[in-house]
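# Need a 3D model of the sequence below.
(one chain, ligands or ions: 3)
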Amino acid sequence: MPYGLIINAAVSLIMGAALVYVWRRDRTQTFTRYIGFANLAHLLVPLTYAVLDRHAEPVHTVGWIVLATVAGLYTTLLILGTAHLANRVVSKQVSVAIFLGVVAINALALQWGGIHLGQLAVATINTMVGVLCAYWLWKPGATRSSSEKWVGPLLVALGLIQYIYVFFLDPGADIQSTLGTLLRMALGLVLLNAALERSAMDASKLRHRFERLAARSLQGIMISIGDRNIVYANPACLAIYGVSSLAELTVSRVAKTIPEAERHHVSAIIAQVQSGEISDAKYEAERHRADGTTLWLRVHYFQTEWDGDAAVQVLITDDTHHHQANQALIQQALRDELTGLPNRTALLNSLRERCLPRETTASFVLILMNLDRFKLFNEAHGPSMGDQVLQAVGTALRRIMAADCEVMRLAGDEFALVSAGKGDAAVAMVSAVKDLLSQPHMVAGQEIFLDASLGIALYPNSARDAESLLRAANAAMHVAKRTPGTSYRLAEKEFERGSSNAFEQEQALRAAIDSAEIYLVYQPKVDARTGRLTSFEALARWSRPDFGEVSPVDFIAAAERTGLINALGKSLLRRACQQIAAWHAEYPVGVPVAVNVSPLQLLDPRFPNVVAQILQDCGVEPQWLTLEITESSAVQNLAQTIAQVEQLRQMGVQVAMDDFGTGFSSLNMLRSLHLHAVKIDRGLIDPLPSPDAIAVVRAICQLAEALHLHVVAEGVETPAQAEAARLAGCGELQGFLYAKPLHPEHAAQWMVSMADTHDATL
Ligand code: C2E
Ligand code: CA
Ligand code: CA
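Ligands and ions are numbered 1, 2, ... in the order given. As a prediction, this is how the structure comes out:
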């Protein structure tokens, strides 16, 4: 086979294969497929020539048929290819017609005129195809790449050189073959270039479309090649990161918004998405811009392609406002509005969190703190003053407690302190609170003294879950309330159950008020010198079925909380008066009976009328009744107390000041109240006979004497205390040394036997 033909065939093969390969990579470039296959079909032309040259009939005839068919195929594929290149559609029927037409013309030409006429036909057809193609591709209007315009002329040239053989026969064959090879190479290269240009054009068209869409997107869109190079960012994305151009949006800038601990993880996700190991990934997190702005971003990564490279598309939603609004709502739900401290819900969350089972149990302290008599304070000074006091207490607690101690306000006058540690931590916290409360608080230009009762629960000793701890601390706090002044109590195991049902207790109390479950016991007071019974103090008891004895400290407080105190107080007063009347009817000698009055009862302007009505109903003379009011209630609402006491005194009822020495009553106050006695608080009698305590008690007695007041020492438990109290100037003594509170029948015996005991010495 001649060398020229081999080269010719090789060029057809290479160009054909290259074009088909391009089509396989980018199937939108259909023209490369047709022209590629046209080239491969053309491969058969030089081969067939080589066969024709050497063989006689019948191979010769078969060769002619093959040649005619190949020429038909080549021409048809060329037309289809250039039509695609020119964006024209050639229907199947037309394609078949072209193919059959070209085969027929070639076959006839070869049959009649041999290779000479056949070549003429092929040259003419190919030139015409070239002209048609040039017409299509040069037609104005269509935007074409520069290389495409060369396709038509090259095809014309390829057609024209085939006339060389027609005119010069065999001597021109070599030139024709060489020129054909060169032109075919040139055509192949032009087509490959056109394909590349078209691909690039298509890609940029797509990219423009993408960018147009992305530019209007409210979501941030960023394309990055791995975590090395950000190749695209839409305006929303630039805005999120606070920059104005892509150039400013460097990888390191984006990385800096990610907390250091997370960076490695984020890089790994990006790498996995880009490599296709995972199809996409999402996360939501807080980010910080260099200018300090905090962002809350939702980020979604997808795999994508960018200029033929694997890339990662990142969709970024700036959820900052939404997140902040949510956080604010959560904060609000966890915060007490008045003091700005965390509230009860926050406390429960914190306790639950701290009680979670962990490998190492971290012990902690819960202290519940309830201000004493705050309700009273509120009623006396008005709620706005009360609010200011609560704010002052909240601020002060926050100030004195360590930074890692949680300070919360639960409700009303109740605060909570939570801090890591054990008993020693609790001791430190309690003493800090005690120090705080030993000082007056300045509120609205007034000095306010406050007392509080503290209940302490320790985790895990007192209880192991949040609710039980709270119950335990609450129960302990209620026990602490029984001790006047600021006092505390550590929760014991049984407290956990203790006040679990405060609500239930309040309900039960409502039903018990007028029932026999509640009754009075009577504790004697005796003359300090003679030991003779001088009077009784009525003390309330509640024997709750299936529950046992409930301390009056608890149920009186519950009644005050729930507003039942007026009904309960009235009921107790009536019972006491009925008892006085019963004793009077039975025994010739009677003694006065003191009834305790809740400060809340005293605040009710109708109270004196209520007393008068009950006395009248029971037929009791007013001088047999004494009312014990507490010092604190008088201090907090002096004007009203003065008026009420005055009214009661005018009715003939005696009024004594209870728990004297625990509050901060002034001399002035004692003077302005028309009292008959003061009862020195147990807290001051207990340390007797220590010289300091004697000095205090003596001072009170001297003061009382000057004001013509009787002095009663309460809580006398030992003869030494009794002696000291008497020497200090107390006229009457009361306490377990003489008698515990007694049931009426025992009290009556006391009355009968002791009333006649003259000159009893102590
Ligand atoms: P209070 O008015 O100071 O009553 C004296 C309390 O001291 C009584 O406790 C009494 O049992 C107790 N006590 C008496 N002598 C001694 C003693 O020598 N040593 C010790 N350690 N304690 C002694 P109780 O009965 O538990 O009452 C506690 C508080 O409950 C009373 O304190 C009073 O504030 C209130 N309360 C009791 N009954 C009534 C009532 O009918 N009405 C009102 N409003 N409050 C009441
Ligand atoms: Ca009393
Ligand atoms: Ca008392």
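
# Go through stretch 187-202 and flag the buried ones.
Neighbour-count burial for stretch 187-202 flags 187-188, 190-192, 194-195, 198-199 (criterion: 16 or more other Cβ atoms under 10 Å). No exception for glycine: its C-beta is placed from N, CA and C like everyone else's.

# Show me those residues that map onto helices.
187-188, 190-192, 194-195, 198-199 (DSSP state H).

# all strands for the stretch 351-500 of the chain, in order.
364-371, 406-411, 414-420, 441-443, 446-448, 452-459, 487-490 (DSSP state E, counting those that start in this stretch).

# of all those, which lies closest to Gln303?
Gln303 lies closest, by Cβ to Cβ, to one member of the strands of the stretch 351-500 of the chain: strand 406-411, at 46.8 Å.

# could you say what helices and strands the closest one packs with?
helix 344-355, helix 383-400, strand 414-420 (3 or more Cβ pairs under 8 Å, 6 or more residues apart in numbering; DSSP states H and E).

# which intervals of the stretch 301-450 of the chain have sub-threshold pLDDT?
Low-confidence segments of the stretch 301-450 of the chain, defined by pLDDT under 70: 359-361.

# Could you rerun that using 80?
For the stretch 301-450 of the chain, residues meeting the criterion pLDDT under 80 lie at 307-308, 329-333, 357-361, 375-376, 379-380.

# from the chain's centre, how far out does the helix or strand hosting Asn126 sit?
According to DSSP states H and E, Asn126 maps onto helix 92-138. Centre-to-centre, helix 92-138 and its host chain are 80 Å apart (Cα atoms, centre = their mean, to the nearest Å).

# Now distance to ligand 3 too, for the strands of the stretch 351-500 of the chain, in CSV please.
Compiled in CSV, the strands of the stretch 351-500 of the chain are given as follows (distance: least, Cβ to the ion, whole Å):
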stretch, distance to ligand 3
strand 364-371, 20
strand 406-411, 28
strand 414-420, 24
strand 441-443, 25
strand 446-448, 23
strand 452-459, 16
strand 487-490, 14
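
# got the residues of the protein near ligand 2?
596, 628, 658 (Cβ under 5 Å from the ion).

# Is the last one in a helix, a strand, or coil?
Spelled out, it's Asp658. strand (DSSP: H, G, I helix; E, B strand; the rest coil).

# burial measure for it, as a count.
26 (other Cβ atoms under 10 Å).

# about what we covered before: ok, so of the ones in helices among the buried residues of stretch 187-202, who is nearest ligand 1?
Distance to ligand 1 across those (Cβ to the nearest ligand atom) is lowest for Ser199, with 95.7 Å.

# Contacts only, for the closest one.
26, 28-29 (Cβ atoms under 8 Å, 6 or more residues apart in numbering).

# ok, 10 Å please
Listed by Cβ atoms under 10 Å, 6 or more residues apart in numbering, the contact set of Ser199 reads 22, 25-26, 28-29, 308.

# before we move on, what about Gln111?
61, 64, 68, 117-118.

# Distance of it relative to ligand 1?
For Gln111, the distance to ligand 1 equals 135 Å [Cβ to the nearest ligand atom, to the nearest Å].

# buried set for the strand or helix carrying Ile694?
Here Ile694 sits within helix 691-706, counting by DSSP H and E. Applying a neighbour-count criterion of 16+ other Cβ under 10 Å, one finds 693-694, 696-698, 700-701, 703-704 buried in helix 691-706.

# can you put those residues in TSV and add pLDDT and distance to Arg354?
As requested, these are exported to TSV (pLDDT from 0 to 100; distance: Cβ to Cβ, whole Å):
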residue	pLDDT	distance to Arg354
Ala693	82	43
Ile694	88	48
Val696	82	44
Val697	88	46
Arg698	88	51
Ile700	85	47
Cys701	89	51
Leu703	81	50
Ala704	86	51
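
# Just the closest of these to Asp604, please.
Of the buried residues of helix 691-706, the one sitting nearest to Asp604 (Cβ to Cβ) turns out to be Ala704, at 28.1 Å.

# And stretch 274-282, end to end?
14 Å (Cα to Cα, to the nearest Å).

# Tell me the gap between that stretch and the middle of its chain.
Counting by Cα atoms, centre = their mean, stretch 274-282 comes out at 29 Å from the chain centroid.

# now stretch 375-388
Distance, centroid of stretch 375-388 to centroid of chain: 34 Å (Cα atoms, centre = their mean).

# which other residues reach that stretch?
Counting by Cβ under 10 Å, 6+ apart, 338-339, 371, 373-374, 389-390, 412-413, 441, 443-444, 446, 448, 450, 557, 560-561, 565, 598-600, 602-603, 630, 632-633, 635-641 sit against stretch 375-388.

# Helix or strand, whichever it is, which one in the chain has the lowest mean pLDDT?
For the chain, counting by mean pLDDT, DSSP states H and E, helix 495-498 ranks last in confidence among helices and strands (a mean of 48).

# Which residues are in contact with Ala310?
225-226, 273-276, 303-304.

# about what we covered before: out of the contacts of Ser199, which is nearest to Pro744?
Lowest distance from Pro744 to these (Cβ to Cβ) belongs to Gly308, with 104.5 Å.

# how much space is there between that closest one and Leu338?
65 Å (Cβ to Cβ, to the nearest Å).

# before we move on, what about Leu684?
Distance from Leu684 to Leu338, counting by Cβ to Cβ: 36 Å.

# now the contacts of Gln111 in CSV, with neighbour count?
CSV is the format used below for those (neighbours: other Cβ atoms under 10 Å):
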residue, neighbour count
Thr61, 12
Trp64, 19
Ala68, 24
Leu117, 16
Gly118, 24
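
# least confident pick among these?
Ranked by pLDDT, those bottom out at Thr61 (76).

# who's in contact with it?
Thr61 neighbours (Cβ under 10 Å, 6+ apart): 52, 110-111.

# In the stretch 351-500 of the chain, what residue comes closest to ligand 1?
Arg482 (6.5 Å).

# ok now stretch 10-21, how far from the chain's centre?
The answer for stretch 10-21 is 66 Å, by Cα atoms, centre = their mean.

# Mean confidence (pLDDT) on that stretch, please.
pLDDT averaged over stretch 10-21 gives 92.

# Over to stretch 95-109?
Stretch 95-109 comes out at a mean pLDDT of 90.

# Tell me the buried residues in it?
Going by 16+ other Cβ under 10 Å, stretch 95-109 has these buried residues: 95, 98-99, 102-103, 105-107, 109.

# neighbouring contacts of it?
Residues contacting stretch 95-109 (Cβ under 10 Å, 6+ apart): 34, 64-65, 67-80, 83, 90-91, 115-122, 124-126, 129.

# Could you turn the buried ones of those into a ChimeraX selection?
Only the buried entries of those go into this ChimeraX selection, using 16+ other Cβ under 10 Å:
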select :34,64,67,68,69,70,71,72,73,74,75,76,77,78,79,80,83,90,115,117,118,119,120,121,122,124,125,126,129
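
# Roughly how far does the residue of the stretch 201-350 of the chain found nearest ligand 1 sit from Leu351?
Per Cβ to the nearest ligand atom, Arg344 is where the stretch 201-350 of the chain lies closest to ligand 1, at 27.9 Å. According to Cβ to Cβ, Arg344 and Leu351 sit 10 Å apart.

# Repeat that for Leu638.
From Leu638 to Leu351 the distance is 41 Å (Cβ to Cβ).

# Then Val166?
105 Å.

# Would you mind telling me which of the two has more residues around it?
Legend: neighbour count by other Cβ under 10 Å for Val166 and Leu351, higher for Leu351 (24 against 19).

# quick one, what contacts Ala612?
Here Ala612 is in contact with 622, 647-648, 651-653 (Cβ under 10 Å, 6+ apart).
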